[in-house]
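Chemist: Quick one: sequence plus predicted model below, questions after.
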Amino acid sequence: MIQIYFYDFPNKLYDDVALKIKSKLKAKPDSVLGLAAGSTPIPLYQRLIQMYKNKEISFKDVHTFNLDEYYPLAKSDPHSFNVLIQNEFLKHINIKEKNRFSLDGSAKDPEHECERYEKLLKKYGGIDLQILGIGTNGHIAFNEPGSTVDSKTRLVNLAKETTNHNPKLPKQGLTMGIATILKAREILLIAVGKNKEAAVQNALNQEVSANNPTSYLQLHSKTEFYLSLK
């Protein structure tokens, strides 16, 4: 079941999601968070950083797992999702470096790297709270249309809609799979902007289908959509 929250303006949306995460960390200080890259979650990360600076929350015992990464791309590459999330969030809070996990886009054996990531997720008990965005074609993480419900962390070919945003970056990616994401105990999806409206409507109103990977979230027991689509 999906709980939906609509907002006229994004600021209140991000405030509410930040408060939701704050509440989660108060209840379970050693939570495992799944982190999305891209521009959508950055205002959320800014609010969480400010909460940390205000001593409202601590990330001392938190573990984080990044959703996806371009392949092949070094973790130190300035265009990598690893660097983006470090720069926009993790290096500004008190999370231990050993507790930050990301897919290695420079791995020589991508299949082995994906297996390693799945084992790490299992070792730390899985994701307590997963943050997601949504692509205009309905993708979540790098799970493009055609992704199956049983897919795990894997190497994928990226759709043209995805690569058109960053034409100089690789055309493949490593990503948590649909099945991996659905194992999260809670999922928070953020969608901001008129260009996301069609994908969101399809995900909520159409039958569950590989044609719109976000529709798989209808199968999850505790998912919330935070939407500002004007």
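Modeler: Structure's in. What do you need? Residues are numbered from 1 along each chain as shown.

Chemist: Contacts for the worst-scoring helix or strand of the chain on mean pLDDT next, please.
Modeler: Within the chain, no helix or strand scores below helix 160-163, which has a mean of 89 by mean pLDDT, DSSP states H and E. Helix 160-163 is contacted from outside by 135-137, 139, 142, 144, 169, 171, using Cβ atoms under 8 Å, 6 or more residues apart in numbering. All C-beta spots, glycine's among them, are computed from the backbone N, C-alpha and C.

Chemist: Look up phi and psi at the residue positioned nearest the centre of the chain.
Modeler: In the chain, the centroid-proximal residue (Cα atoms, centre = their mean) is residue 36; its distance is 2.8 Å. Note on residue 36: its backbone torsions stand at phi -100, psi 150 [degrees, to the nearest 10].

Chemist: dump the residue contacts of residue 106.
Modeler: Residue 106 touches 72-75, counting by Cβ under 8 Å, 6+ apart.

Chemist: Show me which of the residues you listed is closest to residue 31.
Modeler: residue 75 (23.6 Å; Cβ to Cβ).

Chemist: and the closest one, helix, strand or coil?
Modeler: Under DSSP: H, G, I helix; E, B strand; the rest coil, residue 75 falls in the coil class.

Chemist: ok so, going back, do I have it right that the residue nearest to the centre of the chain meets residue 132?
Modeler: Yes. Counting by Cβ atoms under 8 Å, residue 36 does reach residue 132; the two are 5.6 Å apart.

Chemist: In the chain, what residue spans correspond to strands?
Modeler: For the chain, applying DSSP state E gives strands covering 2-6, 32-35, 63-66, 68-71, 100-101, 129-132, 154-157, 172-175, 186-192, 223-228.

Chemist: and the third one, what's its mean pLDDT?
Modeler: Computed over strand 63-66, the mean pLDDT rounds to 98.
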